[in-house]
Structures are given as structure tokens and as C-alpha cells.
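1. Here is my input, please return the structure:
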Amino acid sequence: MKITKIVSGVVLITSLLSTNTANAQKLDSEFLYKIDLLLDPGVELGKTPVGKRVIYTIKGGTFAGPKMKGKVRPVGGDWVLRLDSVTTKLDVKLLLETDDGQLISSTYNGFVHNNPDGTTYWRITPVFETSSKKYEWLNHLIAVGIGKFGQGGVSYEVFAIK
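-> Residues are numbered from 1 along each chain as shown. From the prediction side, this is the model:
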């Protein structure tokens, strides 16, 4: 009797998965903006139980894309955690101000990993929060960014996942 119930459950789950997969949405992306962040020199907290912590204050910056552009307010920062000699975990909070005066809070986590072949895997997952009616579509958006070092800080190309 128990085996019958397990087999029936597996058949039901398999049936549901195949039905849901057939109705799944296609995963596409759309360029959202390029952002350049200016950073103060890091403040080293040192080795903690979870890794080496370095805190970078955001001095400002700019962002621009087809649907929004503006400046990065000089508040927030990156609580970098160096896990080992090749992997760094990012934990960032920043404030965007659009050219039309709207405020958007953005937080993101991510990883920078230096691969043995000399390439770098640098990805972030920004999340947005705003009370602006014009930009409220950001409140429920999934985004992914690709990072690199820039002049006086870091730069990202950020894409909305559709």
C-alpha cells in the first residue's frame, strides 16, 4: 500500500512538472543600465569568523540606460567579504536618484571569483525599492549584473530578467 502511494505521488509530480514546464515563460533579458560607482578606499575590519571584511563607502557615481538615468547618491557602501584568495562576496546598499528627481534604493549581493585561467566571474543580483509611480515597475523586477573594475571604483552592466 505504501509503495502504491509513493508510485502514485511520483506519477503526479512528473505529470505536474511536465505540464508546468510546457507553460513556463521563456527567460530573456533586457539591458537596464550601466552604472559606475566611485568608492572611498576600503576600511579593513580584518579577519572575522566568516572571512576578511573590508568596507567601501560609496562616494557617488552615475547610471544610464534606455528607461532611466541619473546619479548615485554618496550614501551606502559595500561590505566586502573575502572568503579566500580567489573569491569575494559582495553586499551592497546604494541610493539612485534619477534625472527627474526620483529616489530608488538598490541592494545587491554577488560574487567575484578569479578563475585559474585568468578570467573573472563577477555577477550581482540587484533588487530595487521605490515609492515612485514612474519607476514602480522596478519593485518586482529580477535583475542581474556583470561587473568589472572601473576608474576610481567599479562598473556594472545591469540587465532586467524578463
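2. Tell me how far whichever strand or helix holds residue 45 lies from the chain's centre.
-> Under the criterion of DSSP states H and E, residue 45 resides in strand 43-48. Chain-centre distance of strand 43-48: 23 Å, with CA atoms, centre = their mean, to the nearest Å.
3. Might you list the low-confidence residue ranges for the chain?
-> 1-23 (pLDDT under 70).
4. all helices of it, in order?
-> Using DSSP state H, the helices of the chain run over 2-22.
5. ranges for the strands of it?
-> With DSSP state E as the criterion, the chain has strands at 29-39, 43-48, 51-64, 69-82, 87-98, 103-114, 120-129, 142-150, 153-161.
6. Contacts for the strand holding residue 45 next, please.
-> If you take CB atoms under 8 Å, 6 or more residues apart in numbering as the criterion, strand 43-48 is touched by 52, 53, 54, 55, 56, 57. Glycine gets a C-beta too; all of them are placed from N, C-alpha and C.
7. phi, psi of residue 66?
-> phi -70, psi -30 (degrees, to the nearest 10).
8. Around it, count how many other residues there are.
-> Neighbour count for residue 66, taken as other CB atoms under 10 Å: 9.
9. Neighbour-wise, which one of the contacts of strand 43-48 leads?
-> For these, neighbours tallied by other CB under 10 Å; top is residue 56, 20 neighbours.
10. show me the residues around the spatially most central residue of the chain that make contact.
-> Central residue of the chain (CA atoms, centre = their mean): residue 125, 1.8 Å from the mean position. Counting by CB under 8 Å, 6+ apart, residue 125 makes contact with 108, 109, 110, 142, 143, 144, 145.
11. Filter these down to the buried ones and hand me the ChimeraX line.
-> To isolate the buried members of the contacts of residue 125 in ChimeraX, using 16 or more other CB atoms under 10 Å:
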select :108,110,143,144,145
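12. now the residue nearest to residue 73 when sequence neighbours are not counted: how far from residue 82?
-> Nearest residue to residue 73, sequence neighbours excluded (CB to CB, 6 or more residues apart in numbering): residue 95, at 4.2 Å. Going from residue 95 to residue 82 by CB to CB, to the nearest Å gives 25 Å.
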